[in-house]
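# Quick one, what's the 3D model for this:
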Amino acid sequence: MDAFHSFLNNIAREIITPIVAVVALAAFILFIYGVVKFIRNAGDATKRAEGQQQMIWGIIGLAILFGANALVNVIQNTVDSF
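Numbers count the residues shown, from 1 in each chain. Here you go, the predicted model:
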């Protein structure tokens, strides 16, 4: 069982964590791009709405990622307790 826990920890550390970090960075960049688009196009209502949508999708992406990360941590702690 100890080898299995070590295997799961290695997968989480070497594969899942970097993937989550890259996707979180992409969601954050989308959010920042939306903010810039929203501010830059203050006079154009349609472009401002596009920027607002990008900000919303960036926030939704970050919320999903943080929730998934919390779920992975709960599962990992549960498996580690056995």
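# helices or strands up against the longest helix anywhere in the chain?
Ranked by residue count and defined by DSSP state H, the top helix of the chain is helix 45-81. When contacts are defined as 3 or more CB pairs under 8 Å, 6 or more residues apart in numbering; DSSP states H and E, helix 45-81 packs onto helix 2-11, helix 17-40. For glycine as for every other residue, the C-beta is placed from the backbone atoms N, C-alpha and C.
# which of those helices sits most buried?
Compared across the helices and strands packed on helix 45-81, helix 17-40 shows the largest average neighbour count, a mean of 14 (mean count of other CB atoms under 10 Å).
# got the contact list for the residue nearest to Gln52 when sequence neighbours are not counted?
Counting by CB to CB, 6 or more residues apart in numbering, Gln52 lies nearest to Phe38, which is 5.8 Å off, once chain neighbours are set aside. By CB atoms under 8 Å, 6 or more residues apart in numbering, the residues touching Phe38 are 48, 51-52, 55.
# cutoff 6 Å now
Residues near Phe38 by CB atoms under 6 Å, 6 or more residues apart in numbering: 48, 51-52.
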